[in-house]
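K.L.:
Following is a predicted model, sequence given first.
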Amino acid sequence: MSACVPTRATDSNANRTKRVHPPHSPPPPPHRRFRIAGADVSASIAVFLIALPLSLGIALATGAPLQAGLVAAAAGGLVAGLLGGCPLQVSGPAAGLTVVTADLIHRYGWRTTCAVTVLAGLAQLALGCVRVARTALAVSPAIVHGMLAGIGVTIAVAQLHIVLGGTPQSSVLANLRALPAQLADLHPADVAMSALTLALLLLWPRVPGRLGRLMRKIPAALVAVAGATLTASLAGLSLAKVDLPSWSSHALAGLPDGPVLGIAAAVLTTTLVCSVQSLLGAVAVDKLVAGRPGLSARVGRSDLNRELLGQGAANIVSGALGGLPVAGVAVRSSANVQAGAVSRNSTMLHGVLVVIAALLMVPALELIPLASLAALVMAVGIQMVSLHHIRTVTRHREVLVYAVTTLGVVFLGVLEGVLLGVTVAVAVALNRLAHTRITHDEKEGVHHVHVRGQLTFLAVPRLSRTLHLVPQGAHVVVELDGSFMDHAAYESLQDWQNAHTARGGSAELTGRRTGVSAGATSPEACRCHPWTPWREHRCERPRSTPRSGDPTSGHQLARGISAFQRNTAPLVRGELARLAREGQQPSQLFLTCADSRLVTSMITSSGPGDLFVVRNVGNLVPQPGEESGDDSVAAAIEYAVDVLRVRSITVCGHSGCGAMQALLNSRPGEARSPLRRWLRHGRPSLERMADDNRPWARLATRAPADAVEQLCLTNVVQQLEHLRGHESVARALREGALELHGMYFHVGEAQAYLLSEEDELFDRVGVVDVSA
């Protein structure tokens with residue numbers, strides 16, 4: 001084969017030559033210029049305005065030099081932003097590290113604390129290299145939330161002294177003991193500025209109307225601190241303010257100075273808190289990204305091991321330069337996503353802005369009252385004790401773990417509190433595994449054996465004794481109210497069931513993980529159970545005449561209702577009672593097809609009270625004025641928007657839609673049946689698909705399978721346009737109180753797609769890790 005030699009060709013319009021590439025050689029890569037999206041620039045400014053006062057406040061709370069907070073914010077933005085595995089997570093000094101850092105400074109001094117931060121960063125690099133990030137998420141949420149709550153209480157109690165004009169002590173107990181004396185010696189100026197800061201923090205996000213939406217574009221933290229600073233300066237108040245010494249005198253890390261075991265424990269604690277907080281933050285950011293149509297494909301799912309490596313590198317840099325420990329910060333990350341960031345450039349640019357502020361804004365920063373920063377950090381500490389988390393752990397019967405962890409962190413320290421929480425969590429798990437309650441009763445000739453708890457070999461003797469109390473030939477319902485059954489219990493239950501049915505009896509197993517019952521029942525009877533009725537559903541409807549002796553034969557609906565009352569109703573009765581008291585407050589109007597294969601609660605992971613659902617043939621939204629006597633859809637839209645105040649409306653189409661198939665097959669002049677009259681509201685979708693001047697709606701991952709799927713996609717886009725024509729929707733959109741979303745669900749793939757309206761592209765929704 002001869003060598004491929006570039007040739008020259010002459011352009012017919014000009015005396016220019018161009019290189020002709022051999023047929024099998026790739027074209028040269030295009031020249032790419034580094035560009036920063038406008039959305040990243042605006043998001044970085046929003047995050048910077050939040051990070052600046054919080055970084056100073058957290059440094060104040062730890063007792064570190066105030067510049068250390070700025071160093072950590074810059075290192076988190078630039079290093080973790082560049083190297084981390086979660087592009088939109090913003091890292092910096094975190095409130096969750098305040099107690100740990102303050103204790104280290106009190107025990108070992110600032111330079112040794114910086115060395116501990118460097119060593120913790122090295123430990124994070126090692127953990128990231130051995131890829132254990134997912135393992136770190138195995139910690140019980142009750143322990144994590146309890147740890148953060150304990151840290152929040154410690155922060156709030158300590159900062160209360162600065163708010164009142166005093167100085168915090170070294171422990172929570174010491175702060176509580178000193179509080180009466182501090183209350184007797186108030187400093188009015190400090191109290192006034194703290195009260196003003198807290199008032200602005202509380203009221204700024206709650207201003208109603210259009211003015212409030214404009215005001216909320218400025219972070220409340222910045223407004224609160226700026227308002228207190230301006231007031232203190234104009235009033236000439238005499239109170240302690242931020243003091244930023246020259247950078248030339250800034251202390252860097254030194255060699256660790258202290259007992260080896262103490263330093264090792266400090267490194268372990270710092271590594272644990274930094275890593276867990278950052279990894280949980282990355283998972284939370286993934287969930288936020290999944291809620292923004294089109295962004296998940298562009299950003300991608302977080303690489304947790306890479307995130308751990310990025311956090312370790314940031315801690316090494318921050319500690320070496322005399323900064324606080326670095327971790328992912330939920331408040332800043334959430335603000336970054338909500339401000340529209342689309343890449344890691346927003347995080348890095350926020351770090352650049354922090355560096356600029358640290359070098360050029362020192363005179364302005366030194367006007368900030370310390371009491372205002374203390375009030376800001378105290379508010380953050382109070383928010384760390386989340387009522388939502390308390391309700392969640394209570395519902396999962398883990399409130400004991402949460403309480404022990406919280407109290408342990410408050411009174412003993414972070415590492416000690418977490419170890420206590422882990423110990424209690426293990427004890428609670430063993431207790432649940434070992435304690436099983438088995439009861440037997442008879443109702444209307446049916447014997448009920450109810451097993452509450454996990455069914456292990458320890459409970460097999462009691463289960464066997466109870467089952468043998470059932471008479472031969474009787475009908476038995478065994479209710480398994482647990483999530484685990486070991487092999488010994490399974491074999492014992494199956495052996496008894498086989499023996500009982502062989503003697504003419506019948507046995508029905510119900511519960512979370514049981515399958516179809518066995519026994520002397522009619523072959524056409526279906527006994528699917530509440531947690532798995534849709535899984536491998538093979539029920540055949542009875543075709544024979546019901547037997548007179550079996551009044552329930554053929555009444556599938558009645559059997560389903562009976563199973564609900566017996567198994568599911570006890571689990572949801574409390575939540576439904578709350579909804580009955582409080583009324584419905586759904587966040588979404590979900591408009592979809594009446595197709596029986598679409599289970600809205602399943603594909604949206606929603607529960608009672610979450611969705612206001614409207615279903616019709618073809619998920620159609622009649623245009624205003626074309627309802628012709630059927631105002632049901634328009635009435636539902638008006639009620640959802642004006643009365644229920646839903647925040648979003650989703651139009652959901654699906655694959656294999658019979659209505660779209662009928663619309664494609666329709667011919668002019670056909671008989672106007674009720675179905676044909678209704679489907680006329682879908683004709684604009686058909687016309688849109690036939691319009692060559694309009695781009696077709698399409699899937700991001702593949703081409704539509706056929707014309708029916710193309711019409712299903714187009715119909716979603718068209719019905720969203722119809723929605724905008726309704727007066728209540730148009731008004732809410734103008735006010736910024738409502739969002740519209742398009743969705744397509746492929747039934748055969750069990751895959752959801754969300755619409756990006758800019759390019760009419762349906763983007764596949766990825767799997768989000770919810771282990772946290």
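P.N.:
Received the coordinates, thanks.

K.L.:
OK, contacts around the nearest residue to residue 481 once chain neighbours are set aside?
P.N.:
Closest residue to residue 481 apart from its sequence neighbours, by Cβ to Cβ, 6 or more residues apart in numbering: residue 452 at 4.8 Å. Bear in mind the C-beta positions are built from the backbone N, C-alpha and C, glycine included. When contacts are counted by Cβ atoms under 8 Å, 6 or more residues apart in numbering, residue 452 touches 436-439, 481-482.

K.L.:
Residue 586 now?
P.N.:
609-612, 640, 644, 646.

K.L.:
a markdown table for those residues, including distance to residue 476, neighbour count and pLDDT?
P.N.:
Listed next are the contacts of residue 586 as a markdown table, based on distance: Cβ to Cβ, whole Å; neighbours: other Cβ atoms under 10 Å; pLDDT from 0 to 100:
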| residue | distance to residue 476 | neighbour count | pLDDT |
| --- | --- | --- | --- |
| 609 | 36 | 16 | 87 |
| 610 | 37 | 17 | 88 |
| 611 | 38 | 20 | 91 |
| 612 | 42 | 22 | 94 |
| 640 | 47 | 23 | 94 |
| 644 | 46 | 16 | 92 |
| 646 | 47 | 24 | 92 |
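
K.L.:
Which member of those residues is positioned nearest residue 273?
P.N.:
Nearest to residue 273 out of those is residue 610 (Cβ to Cβ; 33.6 Å).

K.L.:
Go ahead and confirm that closest one touches residue 587.
P.N.:
Yes. Applying Cβ atoms under 8 Å, one finds residue 610 in contact with residue 587, separated by 6.6 Å.

K.L.:
Find residues that contact each of the two.
P.N.:
In contact with both residue 610 and residue 587: no residue, using Cβ under 8 Å, 6+ apart.

K.L.:
circling back to that earlier point, out of the contacts of residue 452, which sit inside strands?
P.N.:
Among these, the ones falling in strands (DSSP state E) are 437-439, 481.

K.L.:
Restricted to buried residues, select those in ChimeraX.
P.N.:
Selecting only the buried entries of those in ChimeraX, with 16 or more other Cβ atoms under 10 Å as the criterion:
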select :438,481
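
K.L.:
TSV please, covering the ones in strands among the contacts of residue 452 and showing pLDDT.
P.N.:
Converted to TSV, these look like this (pLDDT from 0 to 100):
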residue	pLDDT
437	87
438	89
439	90
481	79
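
K.L.:
Can you name the next helix or strand after the helix or strand harbouring residue 359?
P.N.:
Following DSSP states H and E, one finds residue 359 within helix 345-360. Counting by DSSP H and E, the element after helix 345-360 in chain order, helix or strand, is helix 362-365.

K.L.:
Show me what counts as buried in stretch 321-341.
P.N.:
Buried, per 16+ other Cβ under 10 Å, within stretch 321-341: 321-337, 339-341.

K.L.:
Over to stretch 396-406?
P.N.:
Of the residues in stretch 396-406, those buried (16+ other Cβ under 10 Å) are 398-399, 401-406.

K.L.:
May I have it exported as PDB, CA atoms only?
P.N.:
Coordinates of each C-alpha in stretch 396-406 appear next as PDB, following Å, rounded to 0.1, in the frame of the first residue of the first chain:
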ATOM      1  CA  HIS A 396     -38.400   4.800  61.100                       C
ATOM      2  CA  ARG A 397     -38.100   4.100  64.800                       C
ATOM      3  CA  GLU A 398     -34.500   5.400  65.000                       C
ATOM      4  CA  VAL A 399     -35.200   8.400  67.300                       C
ATOM      5  CA  LEU A 400     -33.100   6.700  70.100                       C
ATOM      6  CA  VAL A 401     -30.000   6.500  67.800                       C
ATOM      7  CA  TYR A 402     -30.600  10.100  66.800                       C
ATOM      8  CA  ALA A 403     -31.000  11.400  70.400                       C
ATOM      9  CA  VAL A 404     -27.900   9.500  71.700                       C
ATOM     10  CA  THR A 405     -25.700  10.700  68.900                       C
ATOM     11  CA  THR A 406     -26.900  14.300  69.400                       C
END
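
K.L.:
ok now that stretch, how far from the chain's centre?
P.N.:
21 Å (Cα atoms, centre = their mean, to the nearest Å).

K.L.:
ditto for stretch 134-148
P.N.:
On Cα atoms, centre = their mean, the centre of stretch 134-148 falls 15 Å from that of its chain.

K.L.:
Straight-line length of that stretch, end to end?
P.N.:
In terms of Cα to Cα, to the nearest Å, the two terminal residues of stretch 134-148 are separated by 20 Å.

K.L.:
any idea how far residue 599 lies from residue 615?
P.N.:
Using Cβ to Cβ, to the nearest Å, residue 599 is found at 11 Å from residue 615.

K.L.:
More neighbours: which of the two?
P.N.:
In this view residue 599 and residue 615 are compared by other Cβ atoms under 10 Å, and residue 615 has more residues nearby, 14 against 10.

K.L.:
Kindly confirm my reading that that one forms part of a strand.
P.N.:
Yes. Checked against DSSP: H, G, I helix; E, B strand; the rest coil, residue 615 lies within a strand.

K.L.:
max-length helix in the protein?
P.N.:
helix 260-290 (DSSP state H).

K.L.:
Check which residues of that helix are buried.
P.N.:
263, 266-267, 269-286, 288-290.

K.L.:
Next, give phi and psi for residue 649.
P.N.:
Torsion angles at residue 649 (phi, psi; degrees, to the nearest 10) stand at phi -120, psi 130.

K.L.:
pLDDT at it, what is it?
P.N.:
On the pLDDT scale, residue 649 is placed at 94.

K.L.:
Mind listing the residues bridging to it?
P.N.:
Per DSSP bridges, the residues bridged to residue 649 are residue 589, residue 740.

K.L.:
Show the contacting residues for it.
P.N.:
588-591, 637, 640-641, 723, 729, 738-741.

K.L.:
As TSV, the residues you listed with distance to residue 233 would be great.
P.N.:
Below are these laid out as TSV (distance: Cβ to Cβ, whole Å):
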residue	distance to residue 233
588	46
589	49
590	52
591	54
637	52
640	49
641	46
723	51
729	47
738	41
739	41
740	46
741	47
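
K.L.:
Output the below-cut-off pLDDT ranges for the stretch 351-500 of the chain.
P.N.:
Where the stretch 351-500 of the chain drops to pLDDT under 70, the residues are 483.

K.L.:
which among the contacts of residue 452 gets closest to residue 255?
P.N.:
Nearest member of the contacts of residue 452 to residue 255, counting by Cβ to Cβ, is residue 482, at 55.1 Å.

K.L.:
Isn't the closest one up against residue 435?
P.N.:
No. Using Cβ under 8 Å, residue 482 is not in contact with residue 435; the gap is 10.9 Å.

K.L.:
Pull the number of nearby residues for residue 584.
P.N.:
Count around residue 584 with other Cβ under 10 Å applied: 12.
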